[in-house]
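> For reference, the sequence and a predicted model appear below.
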Amino acid sequence: MAPFLIYTFLGLGIPTLAVINLAFRNENGQASTSNIHLISQGIYRLGFENSIKLALITSIIPSILGVILAYTIQTSRSGLLRRLVATASGVLANFGGVNLTFMFIATLGSTGVLTVWLNVIRLNPWHYGFNLYSFYGVAFVYMYFQIPLMVLIITPALAGLRQSWREAAENMGASTLRYWRHVGIPVLLPSVLGATLLLFGSAFAAYATAESLTTGIIALAPIQIGVVLNGNVVAGQTHVGYAIAFGMLVILSATMILYGLVRRRASKWLP
């Protein structure tokens, strides 16, 4: 346990303390809240708003679709299908960044393979308002790895729904609707909420995919930190990147605290 705590402190604790310290210091090294005030307005505030909006969209929708997909696979009689989906989900959930961006550009970009094919039958999505490089284009790409991630996270909870519970409910005259209302949903809800919070944190902190897809034209908090690290900062605002990072730490910490509370409630139903 001690080596793990030491490793965590060196790799996470010290950098976190450094970020907090520098976020509250001005250019002269004096204690100040000017950086915090700066990120609460203008383009930096927009970056947080967009990041939260993106994280909400790409956590709620994939959560719903992921639960449906995971339940369909879990109730399938084919063991081979379950193993294939589990393996594919594990691969796709970790497939992101520049590689994922290139795949989508080559497939659904303005001159992508699928776009060209759809254009032949006059179903070019770009003619109907689709834009891969827009905010919602980024959200669409994020779902490619968020849905498989949801499948991986929620499958153990679905496995915890015992067949004996359903049989007992049916023996007492409960319909399928009443079973889900009084047994299935109450048991699954904490796990679904916890998984959704994890997806929120994953999307909120993601950087490489959005940066490589939009080249930074969309205001997102992680991208704004990257801009500062690259030296593109206004004179007198060199510590603003630390303030943005501090803001992200606050949001992610709140997310993980909520996840811990929900997870504690859900753990008693896990197999």
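That came in fine, so what should we check first?
> Which parts of the stretch 51-200 of the chain are helices?
79-92, 97-108, 113-120, 135-159, 163-171, 176-179, 185-205 (DSSP state H, counting those that start in this stretch).
> Export those helices as CSV, with columns for mean neighbour count and mean pLDDT.
All C-beta spots, glycine's among them, are computed from the backbone N, C-alpha and C. Listed next are these as CSV, based on neighbours: other Cβ atoms under 10 Å; pLDDT from 0 to 100:
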stretch, mean neighbour count, mean pLDDT
helix 79-92, 14, 82
helix 97-108, 16, 90
helix 113-120, 13, 92
helix 135-159, 21, 92
helix 163-171, 12, 81
helix 176-179, 13, 84
helix 185-205, 20, 92
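> Among those, which comes closest to Ile36?
helix 185-205 (18.8 Å; Cβ to Cβ).
> Give me the contact list for that closest one.
Contacts to helix 185-205, defined as Cβ atoms under 8 Å, 6 or more residues apart in numbering, come from residues 51-52, 54-56, 58-60, 62-63, 66-67, 142, 146, 149-150, 153-154, 156-158, 160-161, 221-222, 248, 251-252, 255-256, 258-259, 262-263, 265-266, 269-270.
> Please indicate which of those are buried?
With burial judged by 16 or more other Cβ atoms under 10 Å, the buried subset of the contacts of helix 185-205 is 51-52, 54-56, 58-59, 62-63, 66-67, 142, 146, 149-150, 153-154, 157-158, 160-161, 221-222, 248, 251, 255, 259, 262-263, 266, 269.
> picking up where we left off before, of the helices of the stretch 51-200 of the chain, give the one that comes closest to Gly42.
helix 135-159 (18.1 Å).
> and that closest one, what does it pack onto?
Applying 3 or more Cβ pairs under 8 Å, 6 or more residues apart in numbering; DSSP states H and E, one finds that helix 135-159 contacts helix 42-74, helix 79-92, helix 97-108, helix 185-205, helix 208-214.
> which ones are touching the spatially closest residue to Ser76 that is not a sequence neighbour?
Leaving out its chain neighbours, the residue that sits closest to Ser76 by Cβ to Cβ, 6 or more residues apart in numbering is Arg82, at 6.3 Å. Taking Cβ under 8 Å, 6+ apart as the contact definition, Arg82 lies against Ile73, Gln74, Ser76.
> Emit the PyMOL select command for whichever of these are buried.
The PyMOL command for the buried members of the contacts of Arg82 (criterion: 16+ other Cβ under 10 Å) is given here:
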select buried, resi 73+74
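> In JSON lines, list the contacts of Arg82 along with pLDDT and distance to Val98.
Supplementary listing: the contacts of Arg82 in JSON lines, determined by pLDDT from 0 to 100; distance: Cβ to Cβ, whole Å:
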{"residue": "Ile73", "pLDDT": "87", "distance to Val98": "30"}
{"residue": "Gln74", "pLDDT": "84", "distance to Val98": "33"}
{"residue": "Ser76", "pLDDT": "78", "distance to Val98": "35"}
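> Could I get the helices of the stretch 51-200 of the chain in CSV, plus columns for distance to Trp126?
Shown next, in CSV, are the helices of the stretch 51-200 of the chain (distance: least, Cβ to Cβ, whole Å):
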stretch, distance to Trp126
helix 79-92, 25
helix 97-108, 9
helix 113-120, 6
helix 135-159, 10
helix 163-171, 47
helix 176-179, 42
helix 185-205, 24
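> For Arg25, give me phi and psi.
Taking degrees, to the nearest 10, you get phi -130, psi 140 for the backbone angles of Arg25.
> returning to what we had before: quick one, which of the helices and strands packed on helix 135-159 is nearest to Gly13?
helix 185-205 (17.9 Å).
> Between helix 42-74 and that closest one, find me the angle.
Interaxial angle, helix 185-205 versus helix 42-74 (axes from the mean of the first three to the mean of the last three Cα atoms, to 10 degrees): 140 degrees.
> Report the angle between helix 185-205 and helix 135-159.
140 degrees.
> Tell me the one of the contacts of Arg82 nearest Leu123?
Nearest to Leu123 out of those is Ile73 (Cβ to Cβ; 29.7 Å).
> Tell me who's in contact with the nearest residue to that closest one once chain neighbours are set aside.
Distances taken as Cβ to Cβ, 6+ apart place Val85 nearest to Ile73, at 4.8 Å, with adjacent residues excluded. Val85 is in contact with Leu69, Ile73, Val151, counting by Cβ under 8 Å, 6+ apart.
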